[in-house]
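curious how this folds, go ahead:
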Amino acid sequence: MADRLRLALVFHQHQPAGNFPHVFADVAERAYAPLVAALYRHPEVKATLHFSGPLLDWLEGNRPDVIGDLADLVKRGQIELLSGGYHEPILVGVPRRDAVGQIRALTDRVAAIFGRRPLGAWLTERVWEPHLPSILAEAGVAYTILDEDHFLQAGLRRDELGESFITEDQGFPLVLYPASTRLRYLIPFRDVGQTMKELRERHAAGAKLVVYADDGEKFGAWPGTFQRVHKDGWLEDFFTQLAQADFLETTTLEDAWIFQKPSRRVYLPGGTYHEMGEWSLEASAARRFTQARNALKDDLASLVALPPWRNFLAKYPEANALHKRMLIVSEELARRSILDASPEVRQAQQNLWRAQTNDVYWHGVFGGLYLPHLRADAYGALLRAERLLAERRVAAGEQRDYDVDGLDEYLFRGNAGAVFVHIHGGSIIEWDIYASATNLIDTLARRPENEHEMLRRAEKAGKVKIGKASEKDSKSIHEVVRAKERGLVKLLEYDDARRAFFQDSFRVGRADPVSLHALPYQLTPQREARTVSLILEPPAKSLASVPGLGIRKDIRIADEGLAAGVRYRLRNEGEETIELTFTSASNVAFVGEANAGDLITLGARKTTPGKALEGVRNVTEIAVHSEARHFDITFAVDPPAETSVQPIYAVANSEEGFERLYEQTEIACSWNVTIEPDSHVDLEIRATAVGQLVEPELIKPAARRKRTAPAAASPDTVARSKR
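Residues are numbered from 1 along each chain as shown. Here you go, the predicted structure:
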């Protein structure tokens, strides 16, 4: 027994709180429940499992049979449960107080349900920075798992990683377990024999401990895996061969921590697994990274530096805006909590933590930034926390670089809502309605992704597989280019700036439109009775194509943040008449394009968020109603404008393949104007918003049922797992 290889199997399970209920149910039926049942049938196989807080809550309320099995497995010492951030935040991306609080909350929750306090923690997306040991130690964590790449980037060799290591920050120790990249790609996509061969080779090379750590959704929820893993018996065969192998024994991380001392002290650079780092790069940089990595082999490839996870906040300004908005609320709530421990404050804390869920702050094969329902849930949770803070607030505005881009934005926050104006494009980038906990401009711009080039190449070569993967398709999502429909390449159009309210462009004759969306406007705040007036002007060189043209833009915010309007003054300071078409576009965030209760009315014409409506003339009023997000917006247009409605789609990749994703709906008002020399034309849009007060239903845990065998899921059931 002494010279056996110890194998630690670590299965990580997570669904964000804002995911669709049917996703929780489908993935539980196809992956979580069968995996737990397989462990129950194989008492000789030990494992370590992690369930995020929202998923654990859902299982307790909806699948108490799974909770019962887990409790039995814990009692007989077969499995260990890990802690982690309750709502699965990127720990380095949230304030220290929230990181520690979330870990302690999940530790307490696991202990309350299963009677054992976790000693280890799952590190969300394996995002590491050197100061984490002191944070984890404060939260009561003794060990965690990182990818092999973290250790290789510190100069270690792959054949040195068959043990555990210790690190520290400010003298606070933390044991680290390197997880095998090779096993991550073998399990469960290759025959069991290949995995056993890899383990034998690691044992022969002197490894004492090998860790496999990956998402539990791979075991039934990924395309084709339910058939392979469960119906065809892959998992049964895997556990059987592990139990019969004479050269290894399975172990929990806790047992490894107790019985196997770390081999040495290490200090690791910040980073994450290499796929995540690559996803955080702009498309052109990602191609250069791939070229550099492919030019090297084995351990050397891991020495190609990648940016930290935080680079997503540079790549996606929408993710950065949500992140910095979260920091504002966290700071204010922390101050409020010093003297107020009321149930309302504690509920606000839970909402803040929910808004810190990692999925919506990044994009890759699994990230959720491209998914409107996850963005909506994050903003909704954040604004429910903000609603409490706004009750005693005196409405005020300030110039402040809240998103840390080097430019001052204008932030107005009242008792009923908040309006943020950015000098880029001189537009409103956030409009929060506290009653409905809605950001009306929770939008996402279309931008180039490295994965788009993969789609273009595959489509050109005729190698795109159309439709969902069959249950018999055993290829990993990393090995095949799949699309849900044909012709997605035609949708690969990109925006020059964030999608916002009151974005300006103009066109002279048949010339190409001149977009002012990304240009820095000059901003001058002015105080008026019950309003804030912001005067914005674009840089003169942007108007050079029309000699003499000047544009002044006056944004007014009133009624505690429930009204926001824009008045344009187009000036002719030249000597010849100017004729042009001026357009002001506003992008409204709906959760989806197909909600029956969502409606846009242009005068006498009506449409839905997902149906285009072109060239409606003489529109003086636009009404937007969202039943799904519980808000109404009314736009008063003066003079009457020609108005169009256009749904905006992005193309993104997921575990199910490339697909079009509805992001927002653009409402554009256009005027044909003639401006005589030394004259001007005024154009105005006044918007008012109202939200319906809606609170989410709380999950009530059901009574524990007796353990039952999991029913076979229909192969037609598609689970939209976001891991």
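
what about Ala321, which helix or strand?
Ala321 is part of helix 317-339, with elements assigned from DSSP states H and E.

so which residues make contact with that helix?
The contact list for helix 317-339 (Cβ atoms under 8 Å, 6 or more residues apart in numbering) reads 93-95, 97-98, 312-314, 345, 348-349, 352, 355-356, 360-362, 369, 375, 378-379, 382, 385-386, 388-389, 402-405, 429-430, 443-445, 498. (Glycine included, C-beta is placed from N, CA and C.)

mind listing what Asp632 touches?
Counting by Cβ under 8 Å, 6+ apart, Asp632 has contacts Ala623, Val624, His625, Ser626, Ala689, Val690, Gly691.

cutoff 10 Å now
Applying Cβ atoms under 10 Å, 6 or more residues apart in numbering to Asp632 gives the contacts Ile433, Ser436, Leu599, Ala623, Val624, His625, Ser626, Thr688, Ala689, Val690, Gly691, Gln692.

what about the nearest residue to the third one once chain neighbours are set aside, how many residues close to it?
Read it as Leu599. Leaving aside its sequence neighbours, Leu599 sits nearest to His625 (Cβ to Cβ, 6 or more residues apart in numbering; 4.9 Å). Per other Cβ atoms under 10 Å, the neighbour tally for His625 reads 15.

now do Leu374
For Leu374, using other Cβ under 10 Å, the count is 23.

same deal with Glu537?
Other residues within reach of Glu537, judged by other Cβ under 10 Å, total 16.

backbone phi and psi for it, please?
Taking degrees, to the nearest 10, you get phi -140, psi 130 for the backbone angles of Glu537.

show me the beta-bridge partners of it.
For Glu537, the beta-bridge partners are Gln522 (DSSP bridges).

that one contacts Gly550, correct?
Yes. Under the criterion of Cβ atoms under 10 Å, Glu537 makes contact with Gly550 at 7.5 Å.

report the set of residues contacting both of those two.
Both Glu537 and Gly550 are in contact with Leu543, Arg569, where contact means Cβ under 10 Å, 6+ apart.

so what pLDDT did Leu303 get?
Per-residue pLDDT puts Leu303 at 85.

just give the nearest non-adjacent residue to it, would you?
Once flanking residues are discounted, Leu303 sits nearest to Gln153: 6.5 Å by Cβ to Cβ, 6+ apart.

on that earlier part again, in helices, which of the contacts of helix 317-339 fall?
97-98, 312-314, 345, 348-349, 352, 355, 375, 378-379, 382, 385-386, 388-389 (DSSP state H).

low-confidence stretches in the stretch 251-400 of the chain?
Counting by pLDDT under 70, the stretch 251-400 of the chain has no low-confidence residues at all.

likewise for the stretch 551-700 of the chain?
Scanning the stretch 551-700 of the chain for pLDDT under 70 picks out the ranges 695-700.

if you set the cut-off to 50 instead, what comes out?
Where the stretch 551-700 of the chain drops to pLDDT under 50, the residues are 697-700.

which stretches of the stretch 151-300 of the chain form strands?
Secondary structure of the stretch 151-300 of the chain, counting by DSSP state E, counting those that start in this stretch: strands at 165-169, 172-179, 209-215, 248-251.

what about the third one, average pLDDT?
Confidence over strand 209-215 (mean pLDDT, whole number) is 97.

that one - contacts with which helices or strands?
Strand 209-215 makes packing contacts with strand 5-13, strand 47-51, strand 143-147, strand 172-179, helix 181-186, helix 192-204, strand 248-251, helix 253-259 when contacts are defined by 3 or more Cβ pairs under 10 Å, 6 or more residues apart in numbering; DSSP states H and E.

ok, and which of those has the densest surroundings?
Comparing the helices and strands packed on strand 209-215 by mean neighbour count (mean count of other Cβ atoms under 10 Å), strand 47-51 comes out on top with a mean of 26.

returning to that earlier point: so which of the strands of the stretch 151-300 of the chain comes closest to Leu411?
For Leu411, the closest of the strands of the stretch 151-300 of the chain is strand 165-169, at 34.3 Å, according to Cβ to Cβ.

which parts of the closest one are buried?
Phe165, Ile166, Thr167, Asp169 (16 or more other Cβ atoms under 10 Å).

cool, and stretch 274-283?
The neighbour-count criterion (16+ other Cβ under 10 Å) identifies His274, Glu275, Met276, Gly277, Glu278, Trp279, Ser280, Leu281 as the buried residues of stretch 274-283.

ok, the third one - contacts?
It stands for Met276. Per Cβ under 10 Å, 6+ apart, neighbours of Met276: 125-127, 147, 149, 306, 308-309, 311-312, 362, 364-367.

ok, now with 6 Å
Residues in contact with Met276 (Cβ atoms under 6 Å, 6 or more residues apart in numbering) are Glu125.

with the fifth one instead?
Glu278 is in contact with Ala286, Phe289, counting by Cβ under 6 Å, 6+ apart.

what's the longest strand in this protein?
The longest strand of the chain (DSSP state E) is strand 631-654.

partner strands of that strand and their direction?
strand 613-626 (antiparallel), strand 657-675 (antiparallel), strand 679-691 (antiparallel).

report the angle between the helix holding Ala321 and strand 657-675.
Helix 317-339 runs at 100 degrees relative to strand 657-675, counting by axes from the mean of the first three to the mean of the last three Cα atoms, to 10 degrees.

isn't Val588 up against Thr665?
Yes. With contact defined as Cβ atoms under 6 Å, Val588 reaches Thr665; the gap is 5.3 Å.

just to revisit the earlier point, kindly export the longest strand of the chain (C-alpha atoms) in CSV.
Taking only C-alpha atoms (Å, rounded to 0.1, in the frame of the first residue of the first chain), the coordinates of strand 631-654 have been written out as CSV:
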residue,chain,number,x,y,z
PHE,A,631,-40.5,48.1,-16.8
ASP,A,632,-42.1,50.6,-19.2
ILE,A,633,-40.3,53.3,-21.1
THR,A,634,-42.0,56.1,-23.0
PHE,A,635,-40.1,58.2,-25.6
ALA,A,636,-41.5,61.5,-26.7
VAL,A,637,-40.0,62.6,-30.0
ASP,A,638,-40.0,66.2,-31.2
PRO,A,639,-40.1,66.9,-34.2
PRO,A,640,-41.6,63.6,-35.5
ALA,A,641,-38.9,61.2,-36.7
GLU,A,642,-38.6,58.2,-39.0
THR,A,643,-38.0,55.4,-36.6
SER,A,644,-36.7,51.8,-37.0
VAL,A,645,-36.5,48.9,-34.6
GLN,A,646,-33.7,46.3,-35.0
PRO,A,647,-32.8,43.3,-32.9
ILE,A,648,-29.1,42.9,-32.4
TYR,A,649,-27.5,39.5,-32.4
ALA,A,650,-24.0,38.3,-31.4
VAL,A,651,-22.4,35.0,-32.4
ALA,A,652,-20.8,33.0,-29.6
ASN,A,653,-19.6,29.5,-29.0
SER,A,654,-20.8,27.2,-26.2
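
list the buried residues for it?
Buried residues in strand 631-654 (16+ other Cβ under 10 Å): 631-635, 637, 641-654.

re the thing from before, are any of the contacts of helix 317-339 buried, and which?
Neighbour-count burial (16+ other Cβ under 10 Å) applied to the contacts of helix 317-339 gives 93-94, 98, 312-313, 345, 348-349, 352, 355-356, 360-362, 369, 375, 378-379, 382, 385-386, 388-389, 402-403, 405, 429-430, 443-445, 498.

outside of stretch 286-296, which residues touch it?
For stretch 286-296, using Cβ under 6 Å, 6+ apart, the contacting residues are Glu278, Ala301, Val304, Asn450.

what residues sit buried inside it?
Within stretch 286-296, judged by 16+ other Cβ under 10 Å, the buried ones are Ala286, Phe289, Arg293.

ok, of the contacts of Asp632, which come out buried?
Ile433, Ser436, Leu599, Val624, Ser626, Ala689, Val690, Gly691.

what's the most distant pair in those?
Using Cβ to Cβ, the buried ones among the contacts of Asp632 span at most 17.7 Å, a distance reached by Ile433 and Leu599.

where does the prediction get shaky in the stretch 1-150 of the chain?
1.

where's the closest residue to Tyr361 other than its chain neighbours relative to Tyr86, distance?
Of all residues not flanking Tyr361 in the chain, Ala319 sits nearest, at 4.8 Å (Cβ to Cβ, 6+ apart). Separation of Ala319 from Tyr86 (Cβ to Cβ, to the nearest Å) stands at 21 Å.
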